[in-house]
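what's the 3D shape of this:
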Amino acid sequence: MSAHQVERICHDNGLLRFFTCGSVDDGKSTLIGRLLYDTKAILADTLTAIERTSQKRGMGAVDLSLLTDGLQAEREQGITIDVAYRYFSTGTRKYIIADAPGHEQYTRNMVTAASTANLAIILIDARKGVLTQTRRHSKLASLVGIPHLVVAVNKMDLVDYSQEAYEKIKADYLEFAAKVGIDDVRFIPLSALNGDMIVERGDALSWYDGPTLLEILENAPAAHTEHDEPFRFPVQFVCRPQDSANPELHDYRGFMGRVESGTIKVGDAVTVLPNGRESTVKAIQIGGVDIDEAIHEQSVTLLLADEIDTSRGDMIVKSDEAPAVVKEIRATVCWLAENPLDRARTYLIRHTTRDSKAKLTAIEHRLDVNTLENLPADKLAMNDIAVVNFKLAQPLFVDPYKDNRATGAFIVIDESNNNTVGAGMIL
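Residues are numbered from 1 along each chain as shown. Just a heads-up that it's a prediction; the model follows:
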């Protein structure tokens with residue numbers, strides 16, 4: 001094994017969450033299937049099962065789309081309806097893939113898939129070019145804060161691998177991207193069916209000298225790595241052990257939760273919100289073991305030097321990095337429920353670990369996902385996306401979604417049945 005291979009195996013670029021989207025029959029599921037197949041991430045029994053299904057359909061080759069189109073209705077109709085998640089790893093990083101549906105009536109499913117992704121693959125059929133759905137998906141990906149877009153021009157084998165066809169699609173997309181403010185976008189020609197430029201380069205696209213799709217994914221920045229983020233620690237639980245046999249535990253008061261962003265070290269000055277009391281970090285523990293520092297997405301217990309009245313829903317932050325404490329929010333909301341948003345009702349907003357009753361005070365405008373125009377609206381139906389204003393009963397500790405996706409996001413809950421009816425991004 002060469003030194004380069006050893007370095008490749010030992011180096012870990014971190015977890016990358018990404019999702020695919022595109023118009024109907026652009027090959028999203030086949031693309032993911034090819035990626036899994038060519039990286040040897042498919043179990044033998046799974047491969048045998050899809051080979052058997054492909055043979056029943058009279059197909060000469062394995063239908064790789066069956067790896068993600070898992071619902072019976074999807075297989076019968078040949079489309080993606082629900083969001084399918086798949087996990088795989090290579091020598092350099094781990095991946096979570098979301099295969100999002102392309103239909104307009106499943107906008108809420110796509111927003112769900114995009115909410116945690118750090119990269120989006122927008123598929124375009126090389127025969128059809130940039131379509132309304134292409135523009136819609138790109139706008140939605142940008143709207144939910146995905147920092148990196150990859151435009152994959154698929155089915156190049158059906159246009160004889162024409163560089164001219166690829167360059168025209170690239171020019172058309174760049175013209176659209178400039179109008180809607182999308183600036184971080186990469187392009188790649190490929191054939192998911194034949195595997196050209198997915199993992200291996202193949203022989204048919206010799207005129208393209210850029211990276212393969214896997215090379216783009218391997219080198220894409222992971223979440224929380226592109227800029228310094230403020231420390232945000234929503235308290236999930238206050239740990240007060242009751243052990244009469246161990247008197248030392250009588251004064252133990254640990255604040256348990258997940259570091260949503262930033263880092264924290266023993267000795268750092270912190271502030272507890274909403275009461276504003278200040279203290280310093282006395283200890284950081286994972287499973288009862290002391291550590292010196294905690295980083296983003298770690299679940300830890302914090303012990304503070306001072307006794308502070310704190311409970312679930314409070315937030316611990318560094319004293320010089322406090323977020324805004326607000327009782328009104330302006331946000332982009334995707335409505336998920338069949339019942340429309342009712343101005344007369346009170347909803348519950350869940351932000352990190354904190355809940356607050358909320359009343360809608362205004363709908364500024366609704367986004368037409370096909371024309372991308374902002375239209376006046378007095379109500380929101382399922383799959384509608386709009387900019388709205390809420391008045392809150394309890395204060396929330398927020399950052400703009402574009403700066404911090406963890407503390408800039410929330411869900412809207414119907415108190416009558418505890419269903420999630422909306423998802424929001426704070427502006």
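
CA only for contacts and neighbour counts going forward, please
Noted.

can you give me the end-to-end distance of stretch 193-201?
13 Å (CA to CA, to the nearest Å).

tell me the mean pLDDT for that stretch?
Stretch 193-201 shows a mean pLDDT of 93.

And for it, what's in contact with it?
Contacts of stretch 193-201 from elsewhere in the structure, counted by CA atoms under 8 Å, 6 or more residues apart in numbering, are 30-31, 34-35, 38-39, 155, 157, 188-192, 202-205, 211-215.

Could you pick out the buried ones from those?
30-31, 34-35, 39, 155, 157, 188-192, 204-205, 212-214 (16 or more other CA atoms under 10 Å).

In helices, which of these fall?
Thr30, Leu31, Arg34, Leu35, Leu213, Leu214 (DSSP state H).

nearest to Tyr252, of those residues?
Leu214 (48.4 Å; CA to CA).

who's in contact with the closest one?
Here Leu214 is in contact with Leu35, Ile198, Val199 (CA under 8 Å, 6+ apart).

and the residues you listed as a markdown table, adding distance to Ala331?
Below are these laid out as a markdown table (distance: CA to CA, whole Å):
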| residue | distance to Ala331 |
| --- | --- |
| Leu35 | 36 |
| Ile198 | 37 |
| Val199 | 39 |
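
Identify all contacting residues around the one helix or strand Lys357 maps to.
Using DSSP states H and E, Lys357 maps to strand 354-367. Contact with strand 354-367 is made by 312-314, 343-350, 373-379, 384-396, as judged by CA under 8 Å, 6+ apart.

averaged over its residues, what pLDDT does stretch 314-331 have?
Per-residue scores along stretch 314-331 average to 96.

for stretch 31-43, what is the average pLDDT?
For stretch 31-43, the per-residue pLDDT averages 84.

Now find how far off-centre it is within its chain.
On the basis of CA atoms, centre = their mean, to the nearest Å, stretch 31-43 sits 21 Å off its chain's mean C-alpha point.

again, but for stretch 186-206
So, by CA atoms, centre = their mean, the centroid of stretch 186-206 is 26 Å from its chain's centroid.

Then stretch 108-118?
With CA atoms, centre = their mean, you get 5 Å for stretch 108-118.

ok, now stretch 417-427?
16 Å.

got the buried residues for that stretch?
Buried-residue list, stretch 417-427, by 16+ other CA under 10 Å: Thr420, Val421, Gly422, Ala423, Gly424, Met425, Ile426, Leu427.

likewise stretch 372-391?
Taking 16+ other CA under 10 Å as the criterion, stretch 372-391 shows Leu380, Met382, Asn383, Asp384, Ile385, Ala386, Val387, Val388, Asn389, Phe390, Lys391 as buried.

The second one and Val333 touch, don't they?
Think Met382. No: using CA atoms under 8 Å as the test, Met382 is too far from Val333 to be in contact (11.1 Å).

so how far is Phe19 from the residue most central in space within the chain?
The C-alpha lying nearest the average C-alpha coordinate of the chain belongs to Thr116 (CA atoms, centre = their mean; 1.6 Å). In this view, Thr116 and Phe19 are 9 Å apart by CA to CA.

Check Asp414 too.
28 Å.

higher neighbour count, those two?
Phe19 (27 against 16; other CA atoms under 10 Å).

which residue sits closest to that one, ignoring its sequence neighbours?
Closest residue to Phe19 apart from its sequence neighbours, by CA to CA, 6 or more residues apart in numbering: Ala98 at 4.4 Å.

Correct me if wrong, but the one you found is in a strand.
Yes: counting by DSSP: H, G, I helix; E, B strand; the rest coil, Ala98 is part of a strand.

Could you list the domains of this protein?
With domains defined by automatic domain parsing, the chain comprises 3-219, 232-318, 324-426.

Can you give me the end-to-end span of the last one?
Looking at domain 324-426, the gap from its leading to its trailing residue is 12 Å under the measure CA to CA.

Figure out how far it is from the centre of its chain.
Using CA atoms, centre = their mean, the offset of domain 324-426 from its chain centre is 18 Å.

The second one now?
Distance, stretch centre to chain centre, for domain 232-318: 27 Å (CA atoms, centre = their mean).

Just the endpoints, please. Distance across that domain?
8 Å.

Please list the outside residues in contact with stretch 151-163.
Contacts of stretch 151-163 (CA under 8 Å, 6+ apart): 26-27, 121-127, 165-166, 169, 185-194, 204-205, 207.

Show me the helices in the stretch 1-150 of the chain, by range?
Here the stretch 1-150 of the chain has its helices, by DSSP state H, counting those that start in this stretch, at 3-10, 28-38, 44-56, 72-77, 107-114, 132-143.

hang on, the earlier thing: of all the residues in the strand holding Lys357, which ones are buried?
354-360, 362-367.

still on that earlier bit, export the buried residues of stretch 417-427 to a markdown table and tack on secondary structure?
Shown next, in a markdown table, are the buried residues of stretch 417-427 (three-state DSSP):
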| residue | secondary structure |
| --- | --- |
| Thr420 | strand |
| Val421 | strand |
| Gly422 | strand |
| Ala423 | strand |
| Gly424 | strand |
| Met425 | strand |
| Ile426 | strand |
| Leu427 | coil |
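
For Ser115, which non-adjacent residue is spatially closest?
Using CA to CA, 6+ apart, the closest residue to Ser115 is Val144 (6.2 Å).

Quickly note the distance from the one you found to Ile426.
10 Å.

which stretches of the stretch 51-200 of the chain have low pLDDT?
54, 59-61, 63, 65-84, 100-106 (pLDDT under 70).

all strands of it, in order?
84-89, 94-99, 119-125, 148-154, 185-189 (DSSP state E, counting those that start in this stretch).

next one: the stretch 251-400 of the chain
Using DSSP E, counting those that start in this stretch, strands in the stretch 251-400 of the chain cover 254-258, 264-265, 269-273, 277-286, 289-291, 293-294, 299-304, 315-318, 324-335, 346-351, 354-367, 374-375, 385-398.

mind listing what Leu392 touches?
Lys327, Glu328, Ile329, Ser356, Lys357, Ala358, Lys359.

Hmm, Val398 and the first one touching each other?
So that's Lys327. No: between Lys327 and Val398 there is no contact under CA under 8 Å: 10.2 Å.

Of those two, which one has the most company?
Neighbour totals were compared for Lys327 and Val398, and Val398 leads with 23 against 15 (other CA under 10 Å).
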